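Q: I would like to see how this sequence folds:
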Amino acid sequence: MEKSCSLLIHFDKGSPAMANEIKEALEGNDVGAKIDALKKAIMLLLNGETLPQLFITIVRYVLPSEDHTVQKLLLLYLEIIDKTDTRGRVLPEMILICQNLRNNLQHPNEYIRGVTLRFLCRLSEPEILEPLVPSVLANLDHRHPFIRRHALLAVAAIYRLPGQAGEQLLPDAPELVEKTLSSEQDLSARRNAFLMLASCAQPRAVTYLLSHADHVPDWGDLLQMAALDLIRKVCRSNPAEKGKYIKIIISLLNSSSAAVVYECASTLVSLSSAPTAIRAAANTYCQLLLTQSDNNVKLIVLDRLNELKSSHRELMVEMIMDVLRALSSPNLDIRRKTLDIALELITSRNVDEVVLTLKKEVVKTQSTELEKNGEYRQMLVQAIHSCAIKFPEVASTVVHLLMDFLGDTNVASAVDVALFVREIIETNPKLRVSIITRLLDTFYQIRAARVCSCALWIIGEYCLSLSEVESGITTIKQCLGDLPFYTSTEEGEVVDASKKPQQVNLSGTVSSRRPVVLADGTYATQSAASETAMSAPTVLPGSLGSPGNLRSLILSGDFFVGAVIACTLTKLVLRLEEVQPSKAEVNKSCTGALLIMTSMLQLGQSTFLPHPIDNDSYDRIVLCIRLLCNTGDEVRRIWLQSCRQSFAKMLAEKQFQETEEIKAKAQISHAQPDDLIDFYHLKSRKGMSQLELEDQVQDDLKRATGEFMKDGDDANKLNRILQLTGFSDPVYAEAYVTVHHYDIVLDVTVINRTKETLQNLCLELATMGDLKLVDRPQNYTLAPETSKQIRANIKVSSTETGVIFGNIVYETSNVLERTVVVLNDIHIDIMDYISPATCADVTFRNMWAEFEWENKVAVNTVIQGEKEFLNHIIKSTNMKCLTPHSALDGECGFLAANLYAKSVFGEDALVNVSVEKQADGKLSGYIRIRSKTQGIALSLGDKVTLKQKGGS
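A: Here you go, the predicted model:
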């Protein structure tokens with residue numbers, strides 16, 4: 001059994017000092033040597049050595065020393081040595097120490113007195129403290145505040161001694177401390193006195209606080225913090241009294257100390273639901289958000305605001321602009337949290353103001369050159385996107401500004417803009433013409449392949465009028481440049497066709513060339529078009545000083561974009577047939593499109609590029625060529641209508657899912673039918689302030705809607721009870737496990753089933769995995785056929801399946817040896833740490849590519865339906881299916897779905913389920929789990945393996 005320790009010093013055991021060397025140094029007259037020897041002795045004692053022979057040496061040679069450092073080290077030595085024998089009685093040699101301590105308490109030097117008083121706070125032996133009490137009390141009236149504040153600490157420590165010992169030594173301590181508090185001027189001393197009253201004589205502390213309520217704002221911050229702590233304790237034990245304390249808290253909101261102001265706001269929120277109080281707390285948090293420079297403080301304050309948003313959304317809506325002022329911080333985490341809070345507070349009244357602020361922030365990212373500007377711009381684009389989807393009327397004010405960023409060098413930000421434009425043009429038909437016009441004007445600026453693909457799809461689907469269709473075809477042709485993409489010279493060299501001197505002015509490419517070695521070893525000249533594939537546009541609209549963006553992408557080998565170009569041109573030509581009366585113009589455009597497609601196929605199969613065209617892109621382009629050569633009404637309908645209808649259906653389903661999630665989040669509480677009805681209008685209002693009236697009304701409303709009811713279900717609690725020993729064991733034990741984020745609490749019930757008294761019964765636990773025991777085990781005595789509740793706290797540091805194992809050890813009067821009962825293992829389930837979450841498809845794909853840990857589990861189940869198996873996995877792993885239900889419709893014998901969850905530690909868990917139905921009706925396939933850490937991937941894999949059979 002380890003001893004309690006109030007001192008911890010790092011000690012390297014590599015070269016321990018010898019006891020005789022320490023003794024010689026202590027007996028000498030060199031003060032420096034004595035200090036070093038004392039330090040070595042303290043370190044040895046802390047690491048388990050006993051050194052019994054040193055005590056007399058220290059009494060003879062160290063006690064008389066006048067050096068302050070020696071005296072301080074002497075007190076540390078006395079603090080850690082054993083002062084009692086094996087039976088718990090004080091050692092007789094401690095009498096020598098008492099006399100020295102009494103002398104120190106009357107020493108003319110204030111430092112010696114102060115450190116001695118501080119040392120007395122750590123003594124727990126009444127026999128040693130009893131002769132020192134008069135000297136301690138005498139120091140309460142000392143002229144120096146350093147001594148008075150430590151004397152108050154010593155009085156509090158003595159009064160709190162276990163049992164009745166403290167009250168016997170100092171029966172009138174509360175009266176003395178209260179008297180000292182009323183006359184004391186030093187802030188720290190007053191705080192110590194107030195804390196002593198709050199812990200040992202709470203009614204006296206409450207009386208003092210209420211009698212000085214008007215002067216609390218003038219107290220120092222230390223005393224104000226102590227007062228707030230007392231208010232929380234009192235109101236927790238007696239909620240009916242909180243009205244008189246809320247006035248004190250609100251008066252402290254104007255304190256100059258940021259710590260006091262923060263604690264006031266937190267206390268207000270925890271005690272009251274009155275709108276005035278919540279509004280005051282929210283205002284305080286917003287002020288702290290602006291005035292504090294520490295990013296950690298801002299993040300904590302944002303967490304508090306987020307909690308307020310959940311419970312008092314209607315009041316927080318008023319504060320949205322104050323919250324958005326936190327965007328001035330350059331820290332991305334702060335900006336992200338701020339935007340997350342603001343987006344949930346948007347209403348039709350404030351949406352215009354919020355969007356205007358976000359637009360200003362977008363413009364700022366363009367004008368200033370900061371390292372994370374691209375990422376911040378992406379966050380702003382997503383926020384504006386969210387606003388525009390909820391409130392379509394604001395889309396017209398932002399869509400044109402954001403379209404300037406389609407050519408952003410930050411590809412992720414540009415993709416978000418493209419997706420935003422795609423959704424707005426479908427949901428806001430009035431903006432279609434202006435968006436298409438702007439897109440065609442700025443299309444040449446787009447350099448990223450993914451953005452080009454999205455923009456081309458928009459052009460192909462939403463260019464409806466004759467002028468728009470012709471402009472779309474012309475824009476694509478200009479961005480592709482002159483055809484063919486390459487030519488073979490007489491010498492066998494393969495060169496870019498745009499390099500011919502007579503075509504320089506038409507193609508718009510740079511005429512510089514240089515020889516390069518191709519993959520097959522031949523030489524070729526290469527234009528700048530293929531070198532600047534992803535460079536940002538630096539030319540003005542209409543300029544011919546740079547190569548076309550589509551040409552650059554195709555010459556860099558991106559044939560997926562080529563296939564998208566072919567599809568877009570096909571749609572535009574098919575639509576042109578409907579809106580263009582001139583058959584000749586239609587044929588001219590059709591042949592131009594066919595020429596472009598055949599040129600891309602020719603380029604893809606040539607040696608000009610190191611990699612040939614991929615099969616998918618080749619087949620797609622060939623399909624487009626065949627379609628333009630021979631079109632039917634059914635095919636025309638599919639290409640011109642079905643694509644857009646599918647997109648509209650996808651948006652509608654996405655909107656429906658979001659609405660369902662909002663409904664699911666709304667907590668519906670119901671009161672019990674036999675609950676007491678408290679009629680507010682029939683209550684007496686005498687002596688009640690407006691704030692107290694508001695608070696009572698809110699409490700009544702909460703009670704009526706069932707918000708005071710506990711969420712816990714008794715039936716669920718029974719499921720969490722684990723039997724630790726057998727029914728035939730002399731000691732029966734069972735544990736109730738509570739998992740709360742970073743903490744696991746084990747409430748263990750131990751029952752003595754024998755007819756004997758069990759002595760020194762100890763519950764010894766050990767852990768495996770990222771679990772850590774917090775408390776040291778204690779010994780108990782258990783009478784025959786009685787029970788004992790033992791609580792063990794365990795800290796969790798990561799999402800990993802952990803194991804708690806141990807045993808119960810006890811002694812009986814008849815047997816000298818200790819008896820050991822081995823306990824069943826307690827497995828901590830990973831499901832307690834992870835919860836379903838959502839993320840965008842792009843984010844999921846990025847994380848899937850980045851995460852290095854993968855666990856691949858083969859499907860082995862008796863379930864025969866693909867969807868039934870998927871639902872079973874979702875339920876077993878507590879994850880959310882990101883794949884929409886519409887994508888899982890139908891019966892094709894194959895299913896692939898993505899699942900996502902997030903742990904309480906912020907870790908992401910990604911799962912891909914791919915199953916196929918075999919000819920015999922059984923399912924086969926794989927479940928792949930990816931995460932950033934090994935623990936979550938392995939633990940989830942074990943869970944899937946255990947549960948996938950379908951039996952449980």
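Q: in stretch 342-358, what's buried?
A: Under the neighbour-count criterion of 16 or more other Cβ atoms under 10 Å, stretch 342-358 has 342-346, 350-351, 354-355, 357-358 buried. For every residue, glycine as well, the C-beta is placed using N, CA and C.
Q: mind putting these into TSV with pLDDT and secondary structure?
A: Putting these into TSV (pLDDT from 0 to 100; DSSP: H, G, I helix; E, B strand; the rest coil) gives the following:
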residue	pLDDT	secondary structure
A342	89	helix
L343	87	helix
E344	87	coil
L345	87	coil
I346	87	coil
N350	85	coil
V351	86	helix
V354	88	helix
V355	86	helix
T357	89	helix
L358	88	helix
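Q: could those residues be laid out in a markdown table, adding distance to A563?
A: Shown next, in a markdown table, are the buried residues of stretch 342-358 (distance: Cβ to Cβ, whole Å):
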| residue | distance to A563 |
| --- | --- |
| A342 | 40 |
| L343 | 36 |
| E344 | 40 |
| L345 | 44 |
| I346 | 39 |
| N350 | 44 |
| V351 | 39 |
| V354 | 40 |
| V355 | 37 |
| T357 | 41 |
| L358 | 36 |
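Q: between these, which is closest to R753?
A: E344 (55.2 Å; Cβ to Cβ).
Q: and that closest one, what is it in contact with?
A: Residues near E344 by Cβ atoms under 8 Å, 6 or more residues apart in numbering: 309, 313.
Q: how about Y208?
A: Here Y208 is in contact with 178, 181-182, 194, 197 (Cβ under 8 Å, 6+ apart).
Q: buried ones among the residues you listed?
A: 178, 181, 194, 197.
Q: tell me which of those fall in strands.
A: Residues of the buried ones among the contacts of Y208 located in strands (DSSP state E): none.
Q: just the ones in helices from those, please.
A: Mapping these onto helices (DSSP state H) picks out 178, 181, 194, 197.
Q: tell me where the stretch 401-550 of the chain has strands.
A: Along the stretch 401-550 of the chain, counting by DSSP state E, counting those that start in this stretch, strands occupy 486-488, 494-496, 514-517, 523-526.
Q: run through the neighbouring helices and strands of whichever helix or strand K772 is part of.
A: Element membership for K772, per DSSP states H and E: strand 771-773. Contacts defined by 3 or more Cβ pairs under 8 Å, 6 or more residues apart in numbering; DSSP states H and E place strand 771-773 against strand 758-768, strand 787-796.
Q: and these, which is most packed in?
A: Most buried of those, by mean neighbour count (mean count of other Cβ atoms under 10 Å): strand 758-768, with a mean of 18.
Q: nearest to L609, of the helices and strands packed on strand 771-773?
A: Per Cβ to Cβ, nearest to L609 of the helices and strands packed on strand 771-773: strand 787-796, 53.9 Å.
Q: quick one on the thing from earlier: and the strand holding K772, what's buried?
A: Using 16+ other Cβ under 10 Å as the test for burial, strand 771-773 gives 771, 773.
Q: out of the buried ones among the contacts of Y208, the closest to N254 would be?
A: F194 (20.9 Å).
Q: OK, contacts around the closest one?
A: Shown in contact with F194 (Cβ under 8 Å, 6+ apart): 181, 205, 208, 223, 226-227, 230.
Q: switch the cut-off to 10 Å
A: 152, 177-178, 181, 184, 204-205, 208-209, 219, 222-223, 226-227, 229-230 (Cβ atoms under 10 Å, 6 or more residues apart in numbering).
Q: any idea how far it is from V206?
A: Between F194 and V206 the computed distance is 11 Å (Cβ to Cβ, to the nearest Å).
Q: which residues do those two both contact?
A: What both F194 and V206 touch, as defined by Cβ under 10 Å, 6+ apart, is the set L230.
Q: which residue sits closest to C235, ignoring its sequence neighbours?
A: K242 (4.3 Å; Cβ to Cβ, 6 or more residues apart in numbering).
Q: so W219 touches L252, yeah?
A: Yes. Using Cβ atoms under 10 Å, W219 is in contact with L252, at 9.0 Å.
Q: of these two, who's got more company?
A: L252 (25 against 20; other Cβ atoms under 10 Å).
Q: what's the farthest-apart pair in the ones in helices among the buried ones among the contacts of Y208?
A: E178 and F194 (9.7 Å).
Q: list the residues that are in contact with both of these two.
A: What both E178 and F194 touch, as defined by Cβ under 10 Å, 6+ apart, is the set 204-205, 208.
Q: residue ranges for the helices of the stretch 251-400 of the chain, please.
A: With DSSP state H, counting those that start in this stretch as the criterion, the stretch 251-400 of the chain has helices at 258-271, 275-291, 295-311, 313-316, 320-324, 332-343, 351-367, 373-390, 395-403.
Q: which residue is nearest the middle of the chain?
A: G906 (4.8 Å; Cα atoms, centre = their mean).
Q: for Q71, what are its contacts?
A: By Cβ under 10 Å, 6+ apart, the contact list for Q71 reads 62-63, 65, 100, 104, 107, 109, 111-112, 115-116.
Q: which of these are buried?
A: Buried, going by 16+ other Cβ under 10 Å: 62-63, 65, 100, 104, 112, 115-116, out of those.
Q: so where's the stretch 401-550 of the chain uncertain?
A: 487-547 (pLDDT under 70).
Q: I meant to write the stretch 751-900 of the chain there.
A: For the stretch 751-900 of the chain, the stretches flagged by pLDDT under 70 are 798-801, 815-816.
Q: hey, where'd the strands end up in it?
A: Using DSSP E, counting those that start in this stretch, strands in the stretch 751-900 of the chain cover 758-768, 771-773, 779-782, 787-796, 802-811, 819-822, 826-828, 834-836, 853-858, 880-881, 894-903.
Q: let's have these in JSON lines, adding distance to D416.
A: Below are the strands of the stretch 751-900 of the chain laid out as JSON lines (distance: least, Cβ to Cβ, whole Å):
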{"stretch": "strand 758-768", "distance to D416": "44"}
{"stretch": "strand 771-773", "distance to D416": "41"}
{"stretch": "strand 779-782", "distance to D416": "61"}
{"stretch": "strand 787-796", "distance to D416": "36"}
{"stretch": "strand 802-811", "distance to D416": "40"}
{"stretch": "strand 819-822", "distance to D416": "58"}
{"stretch": "strand 826-828", "distance to D416": "39"}
{"stretch": "strand 834-836", "distance to D416": "24"}
{"stretch": "strand 853-858", "distance to D416": "28"}
{"stretch": "strand 880-881", "distance to D416": "22"}
{"stretch": "strand 894-903", "distance to D416": "19"}
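Q: quick one: closest of the ones you listed to A418.
A: strand 894-903 (21.9 Å).
Q: can you give me the buried ones in that closest one?
A: 895, 897-903.
Q: neighbouring strands for it, and are they parallel or not?
A: strand 834-836 (antiparallel), strand 880-881 (antiparallel), strand 908-917 (antiparallel) (DSSP bridges).
Q: need the winner for burial among these.
A: Of the strands paired with strand 894-903, the one with the most neighbours on average (mean count of other Cβ under 10 Å) is strand 908-917, at a mean of 22.
Q: report the distance from that one to the chain centre.
A: 25 Å (Cα atoms, centre = their mean, to the nearest Å).
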